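Student: sequence and predicted structure, then a few things I'm wondering about:
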Amino acid sequence: MTVPTYAAPVAANPYRPSPARITSIIDLTPQEKLFELRLIDDAAREAFDFESGQFVELSIFGVGEAPISISSAPSKQGFIELCIRDSGDVTGAMHKKRCGDIVGLRGPFGRGFPFADMKGHDILLVAGGLGIAPLKSLINHIHDDRHEFGKVTILYGSRTPSEVLFRRQFDMWQHREDFDLILTVDQPDETWTGETGLVTKLFDKVDVDPASTYGAICGPPVMYKYVIAEMRKKAMDADRIYVSFERRMKCGIGKCGHCGVGHQYACIDGPVFNYWEAMNLQEAI
Amino acid sequence: MFFRVIPKSVIPDLVRGLAEQYEVVGPVAKGETFVYAPLADAADLRLDYDTTALPAKRWFFPESEALMRFRVSDNAVVSESLDTAPRVLFGLHPCDVNSLLLMDNVFLGETPDPYYKARRDNTLVVGVSCTPGEYCFCDAWGTDETHWGFDIFLSDIGDDYYASIRSVMGADLVDRYVPCRAITDEDTAAFQRRTAEFKAAFTNGVDTSQLPVLLDAKFDSEIWDKLGEKCLGCGACSMVCPTCYCFDVHDELDADQLGGTRVRTWDSCQFKQFAAVAHGQNFRDTRAARVKYRYYHKQWGYLSKFERVLCVGCGRCTRACKAEINPPRVVRALQTGVVD
Amino acid sequence: MAPRLVVLSLASDFGCQVQLTNMTAELLDVLGLVELSYWQLATSGHMPPDYDVAIVEGAVTTTEHVELLGRVRETAAVVIAIGACANTGGIPGIVGREDLEGRYGAVYGPGPAVATGRRAPLPLDAFIKVDYHVPGCPIDTGEFLRVLSRVLLGLSDRVPDMTMCASCKTNETVCFFDEGRLCLGLVTRAGCGARCTSLGRACTGCRGIAPDANLASAREIAVRAGVPAAAMDDALRIYNALTEVHA
């Protein structure tokens, strides 16, 4: 039996990364760098529309892909910023890249923070460690639309002063009147003048009007339970507390199964969930 | 639907006719078992098979496939093409036909998977009726019947097949290659009798009442620890499952390191690293957590999205699991609170 | 500068080095990427004093091996253990840890002069940090090349940690236990594509016991299939005598 075969070009391929050029690299800490990337194809760059809280798959051929949340604000078009910790093969390979090098991007993927719903409200953002990366996008987005929001409070905890990300910007922001920013570290050194201890300790210093406040949390998995408890103590509604989960998002389009959390997939149903949704997700918190 | 009566004796002619235009894949004997394989000869087709070692999914979603060729220097995709023969899958049982519909929900949904879609578009499906085997429990999910997802479905009514024809292609093929006739009331009566016998032959009663509730309410039950103690974590269940679709993607560099291939392979939530993230956290670190997730996702996670459970009762995992973990047993454990 | 590479053997039958010479198709490509400074089996001359990558075959069975391995670790930025002997103790490991002299005596007669400085065999991991592992008896050249790629790119060691059964299912191989026969695939590290079983030979465990293997359940499965649990433990001694999982 002879069988005809043919090779079909793959149209609209969601697995094909778009080439992007690294246009800036800033060393934030010994482990983290901030990369600015621009999609090379004009049409792809113009079509790239995202929300704070969404992520991309960073694709380095020969190494693989890794999900990275976007740190820049949707209000800034034409480029994206990724804050990347050297913690695996793809992120390690990224740390060896130089300005001008080309990598691949797929996305944006997932559901971000409900920016439109948050407008007209007070905002309480709580970050731990690298969890500041997606929240930085939200913070900058709020900044660019600052008049649309009430009181904005940012609580950010790090292990040590040298691990505080975006420290230069945050040092300046500590003096701003339109953002209440409180930094804390677990292990202070002699230079540290800010708060010490876990981020949950800072809730004593915060006044919350539960009727008009949205919360957003991102940090290491152990942090969520305790921060949510503090927000609940302030009588905030479960469906106004938003959390962003880190899972192993691999395909980004709800197929490969790696980012399952309870009955959902973090890559299409999240990674941002409100606490009511998260309460109904097994293994989430 | 459109029906015809086809004499069993003409099936080899039909296969030979199809082979002029298509690669015909069907159940053939391999040692003591059966596998879906390209038919070298129409006589190799074994429509009396019980089940195949691997399900039909590999003909749409192979165990390993190249997604694209790349160049390292500028991170460019060099080519992305797939070889897909126009193909007929001949002789799928109702469970396997239904499994394709469940796979379609994932791979043809909101963001279609172009590799799966190209093969699905290029493949005709001919189903055939069966007799419940030792491990079959498709009756539990209603996947013992199939009403779409095929081009032709052949129901055994003695010397003939009562053929349901679902597509233009199916109708064309039947008209072109086999002498057949319209159905009579007697044929339909035979079809009904045969269906009743089929339904009465199932022996693995599975009480599916309130499964989504039980999966949540008994999420912390010790039945999962008991099952975790038995589980080998080997992933055999996922490989043979016609509805397990999880995959991994990795890059294989050429020996000269200048280029390579991005490859997709089957994966399993039963493998330890499946839910581990880069910073060292593993969200399902124990075998108990992993075996629980498999059932939680199949009987509830998928259901919450697509209103069907992700199981067709084919019994392949029952056969494959040396630790004797299988849906009828796990569902019984959920109902009774005890692993028997 | 291309990384300088050395290939050397401890206690082994050189089978894995022979496998390297078998990579005819890819060898030239690979040699274009590295500077082969010393290859015990294939080059003349002595080990150079300095190199970047050391590929080590064989188990540690003498004090000389221990000293050599220490020097290798001090010199090389990357150490790759190839083959069952280097990774699990392999065949030399069958001698076990007890009554070493008695066993040498049984083979070579009383007070044998062979293997001066002999000691109970152990895999490389017992003495030095091994950066990359290529298990198997012998190694698979394709797997070796994939690991070498990862070495050259500075990627992590990623030896598969699942057991063999999924590969067998993918190959549509009938399970040996269905025929009442012993197979060590239930507990053995995957990554070879389950080649032996697809050729009708049961897995002998040459890739080592998978880190998450469920030996207790595997023994129960063997017994249910009519294979005594002791037969499984005996079979594991061929390649895994030194692995601490037999309790």
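Tutor: Received the coordinates, thanks.
Student: hey, let's count contacts and neighbours off CA atoms from now on
Tutor: Will do.
Student: mind listing what's buried along stretch C:139-159?
Tutor: Applying a neighbour-count criterion of 16 or more other Cα atoms under 10 Å in any protein chain shown, one finds C:139-141, C:143-151, C:155, C:157 buried in stretch C:139-159.
Student: same check, this time on stretch A:193-206
Tutor: A:195-200, A:202-203.
Student: out of these, which touch chain B?
Tutor: Among the buried residues of stretch A:193-206, no residue lies close to chain B (Cα under 8 Å from any Cα of the partner chain).
Student: got those residues as JSON lines, with pLDDT and distance to C:E101 columns?
Tutor: Below are the buried residues of stretch A:193-206 laid out as JSON lines (pLDDT from 0 to 100; distance: Cα to Cα, whole Å):
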{"residue": "A:E195", "pLDDT": "92", "distance to C:E101": "65"}
{"residue": "A:T196", "pLDDT": "94", "distance to C:E101": "62"}
{"residue": "A:G197", "pLDDT": "94", "distance to C:E101": "60"}
{"residue": "A:L198", "pLDDT": "94", "distance to C:E101": "60"}
{"residue": "A:V199", "pLDDT": "94", "distance to C:E101": "62"}
{"residue": "A:T200", "pLDDT": "94", "distance to C:E101": "63"}
{"residue": "A:L202", "pLDDT": "94", "distance to C:E101": "67"}
{"residue": "A:F203", "pLDDT": "94", "distance to C:E101": "69"}
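Student: now do the SS call for the nearest residue to A:L39 once chain neighbours are set aside.
Tutor: With sequence-adjacent residues excluded and distances taken as Cα to Cα, 6 or more residues apart in numbering or on different chains, A:L39 is closest to A:A20, at 4.0 Å. Three-state assignment for A:A20 (DSSP: H, G, I helix; E, B strand; the rest coil): strand.
Student: so A:A20 sits against A:E36, correct?
Tutor: No. Judged on Cα atoms under 8 Å, A:A20 makes no contact with A:E36 at a distance of 9.7 Å.
Student: which of the two has more neighbours?
Tutor: A:A20 (27 against 20; other Cα atoms under 10 Å in any protein chain shown).
Student: and chain C, what are its domains?
Tutor: C:4-153, C:165-240 (automatic domain parsing).
Student: who wins for proximity to A:P114 among those domains?
Tutor: domain C:4-153 (40.5 Å; Cα to Cα).
Student: chain center to that closest one: distance?
Tutor: Relative to its chain's centre, domain C:4-153 lies at 9 Å (Cα atoms, centre = their mean, to the nearest Å).
Student: do the same with stretch A:142-153
Tutor: Going by Cα atoms, centre = their mean, where stretch A:142-153 is centred and where its chain is centred differ by 18 Å.
Student: can you give me the end-to-end distance of that stretch?
Tutor: 11 Å (Cα to Cα, to the nearest Å).
Student: rewinding a little: quick one: contacts for the residue nearest to A:L39?
Tutor: Applying Cα atoms under 8 Å, 6 or more residues apart in numbering or on different chains to A:A20 gives the contacts A:37-40, A:102-105.
Student: do that again at 10 Å, thanks
Tutor: By Cα atoms under 10 Å, 6 or more residues apart in numbering or on different chains, the contact list for A:A20 reads A:36-41, A:44-45, A:58-59, A:79-80, A:100-106, B:74-75.
Student: now do the domain split for the chain, please.
Tutor: Going with chain A. As given by automatic domain parsing, the domain ranges for chain A are A:18-109, A:115-244.
Student: hmm, no, I was thinking of chain B.
Tutor: Looking at automatic domain parsing, the domains of chain B come to B:2-200, B:211-336.
Student: what's the nearest residue to B:I165 if we skip its chain neighbours?
Tutor: With sequence-adjacent residues excluded and distances taken as Cα to Cα, 6+ apart, B:I165 is closest to B:I152, at 4.6 Å.
Student: relative to A:R146, how far out is the one you found?
Tutor: For B:I152, the distance to A:R146 - Cα to Cα - is 62 Å.
Student: between the two, which has more neighbouring residues?
Tutor: Shown here are B:I152 and A:R146; by other Cα under 10 Å, B:I152 has more neighbours (28 against 16).
Student: isn't that one right up against B:F90?
Tutor: Yes. Using Cα atoms under 10 Å, B:I152 is in contact with B:F90, at 9.3 Å.
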